[in-house]
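Undergrad: Please find the sequence and the predicted model below.
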Amino acid sequence: MKITIVLTQLLRGVYADAALMSAGVDALRRPALLRHEHDAALRRAAVSAWATLMADIVPYVKASEFTVADELASAEPDYLSVELSGVGAEARGPAIRLQLETALERRILAMAWRREAPEVAAANDALAEMAIEALVRLAGPQPGDGLPYLKLY
């Protein structure tokens, strides 16, 4: 099963979360990486986060790539794609996609907040890890699949 994430769309969610975290009376100062004028840097951070995410789920990955919409206009990726294998990949595709996007968003936010608000970064790291664990459970054999069930600890 192939999942393609449109980076521009994903980063809208990252910016929205950053705006919510920066709003309010006890507002956190938004890190430079989460300001629109630093979009290119955020895209590079997203590719780094993607690479670490692929390393975490390597047993389920057939192939992974980044591609650009217009080779002449930009060297920055527009699309992040991964082809997943495994018993659960085809059957649970939409749920796996949601966990993949969540893990990537949270990793990006953790990277961005690491200096200004380490506690916010730690919370986002924890959420990313939870999404990765859910992705692995979804991609692997499940009871009733006719294969031995592996329990993750």
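TA: The structure has been received and is ready for your questions. Residues are numbered from 1 along each chain as shown.
Undergrad: residue boundaries of the helices in this protein?
TA: For the chain, helices defined by DSSP state H occupy the ranges 7-22, 39-56, 87-91, 93-113, 118-139.
Undergrad: List the buried residues of the fourth one.
TA: To tie it back to what came earlier, the one meant is helix 93-113. For helix 93-113, burial by neighbour count (16 or more other C-beta atoms under 10 Å) applies to 93, 96-97, 99-113. Using the backbone N, CA and C atoms, a C-beta is placed for each residue, glycine as well.
Undergrad: list the contacts for the residue nearest in space to the middle of the chain?
TA: Nearest to the geometric centre of the chain sits Leu104, at 1.1 Å (C-alpha atoms, centre = their mean). By C-beta atoms under 8 Å, 6 or more residues apart in numbering, the contact list for Leu104 reads Ile5, Leu10, Ala46, Ala49, Trp50, Leu53, Leu80, Ala128.
Undergrad: shouldn't the fourth one be in contact with Leu109?
TA: Pointing back at Ala49 there. No - assessed by C-beta atoms under 8 Å, Ala49 is found out of contact with Leu109, at 9.3 Å.
Undergrad: in this structure, which helix or strand is least confident?
TA: When the helices and strands of the chain are compared on mean pLDDT, DSSP states H and E, strand 61-67 comes out lowest with a mean of 74.
Undergrad: What pairs with it, parallel or antiparallel?
TA: Its sheet considered, strand 61-67 pairs with strand 79-84 (antiparallel) by DSSP bridges.
Undergrad: what about this protein, any weak spots by pLDDT?
TA: Regions of the chain meeting the criterion pLDDT under 70 cover residues 24-25, 66, 68-75, 141-153.
Undergrad: let's see it at 90
TA: Within the chain, the stretches with pLDDT under 90 are 1-4, 18-30, 51, 54-93, 116, 136-153.
Undergrad: Spit out the contact partners of Met1.
TA: Residues near Met1 by C-beta under 8 Å, 6+ apart: Glu83, Leu84, Ala89, Glu90, Gly93, Ile96.
Undergrad: now Glu83: how far from Val136?
TA: To Val136, Glu83 is 16 Å away according to C-beta to C-beta, to the nearest Å.
Undergrad: Give me the more crowded residue out of the two.
TA: Ranked by neighbour count (other C-beta atoms under 10 Å), Glu83 and Val136 place Val136 first, with 19 against 15.
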